[in-house]
Each structure stands twice: as structure tokens, then as C-alpha cells.
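1. Need coordinates for the below:
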Amino acid sequence: MYNKLMKICLVTGNRAEYGLLKRLIKLILQDNSIELNLLVTGDHLSNTTRTINEIENDQFKIHGKINCNPKKDSPLEILNAMGSATTEFAHYLNQLKPNGIIILGDRYEMLVVAITSLILKIPLLHISGGEVTEGSLDDTIRHSITKFADYHFVAIEEFKKRVIQLGESPNRIKVV
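-> So this is what the prediction gives:
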């Protein structure tokens, strides 16, 4: 019998979430039934932070680098960066045709991935939904990503209840 590998994309955009995803990356790489495609974006590719070096030092293969860095810190430049990143993600994901995409968090780079996955009909697995950051744009982005996501991995029961309040099916939410 022929066993087809499951193709999973995991997208990381900054040092903080990469630190949270590193163990998951290692676990996925140990599973011979999964082909992991690691995509980096955001701060990892910034000339000032270069946090991509941490990923390279961990000796993880990077399959794609998608720029989503605005030229200036302004709403218009952020939107321009998001627009061009949407096109890049769309081309990459359309060519790869993964079985699923894993993202973590609440940054605009991940919103780009969420929108792209919805339009391309690729299941989205979202880590860290249901959390709250008072007075921040992050909440709006995080909750939007939750609505785009097909599966939800939340930290505690309270966050699970919040994701359910957003209209998501309880059988697609796991507390991890």
C-alpha cells in the first residue's frame, strides 16, 4: 500500500513565536508521515533583527522566505507589505498544495497567511486563539485569524470558551 506524506506548512514571523514553535517543529520532523515546509516572514527577515539566524543555527531547513516588512512604520506601508506578502504566500502555497498550515499568534503577517489559506481552501491550524491583549490591535487580528482557522489549539479552558463565543465548533478546539 502506498503511504502518501502529509504536507504541512509552518509559518513563523518573529523570535517570540519561534521560541514557542521550536518544540513543535522538532516533533513534526520526527514524524516520518509528515513533510514539513518551514516558511519564514516578518521580523525574521528584518535587516535589524535577523532572527532567521536562530532558525539557521537550530539547523532547520527553511523552505521559503516571504517578505512582509514595511519600508516605514506607517499604516499604508504595513498594508503595502501585507499586499505583496499575500501574493507571495499565494504563489508559494498554490504550488506546494499543503494539507494544512500551522500559525501562532496575532500579528498581521499571520493574518496574511490566514486570508491566503481561506481563499486557497487549505486547512488552517491556529495556536493561541482566545487570548486577550487589552487595548491592542492584536486582539482584533487574533480574533480574525480565529474566524479564518479550521482548527484551534488554545492554552487554557478560558480561551477555549472565548473561541466558542466567537462561533467556533467545540470539537475543533483543543486545549494544549
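2. Need the residue closest to the centroid of the protein.
-> In the chain, the residue lying closest to the centroid (CA atoms, centre = their mean) is Ile103, at 2.2 Å.
3. what secondary structure does that one sit in?
-> Following DSSP: H, G, I helix; E, B strand; the rest coil, the label given to Ile103 is strand.
4. Test my guess that it contacts Ile127.
-> Yes. Counting by CB atoms under 8 Å, Ile127 is a contact partner of Ile103 at 7.1 Å. C-beta coordinates here come from the backbone N, C-alpha and C atoms, glycine included.
5. and the residue nearest to the centre of the chain, what is it in contact with?
-> Applying CB atoms under 8 Å, 6 or more residues apart in numbering, we find Ile103 in contact with Leu10, Val11, Met110, Val113, Ala114, Leu124, Leu125, His126, Ile127, Ile145.
6. swap in Leu120?
-> Contacts of Leu120 by CB under 8 Å, 6+ apart are Ala90, Leu93, Asn94.
7. count of neighbours near the last one?
-> Other residues near Asn94 come to 12 when the count uses other CB atoms under 10 Å.
8. give the contact list for it.
-> Here Asn94 is in contact with Leu120 (CB under 8 Å, 6+ apart).
9. Buried residues, the helix or strand harbouring it. List them.
-> Here Asn94, judged by DSSP states H and E, is contained in helix 75-96. The neighbour-count check on helix 75-96 (16 or more other CB atoms under 10 Å) flags Ile78, Ala81, Met82, Ala85, Thr86, Glu88, Phe89, Ala90, Tyr92, Leu93, Leu96 as buried.
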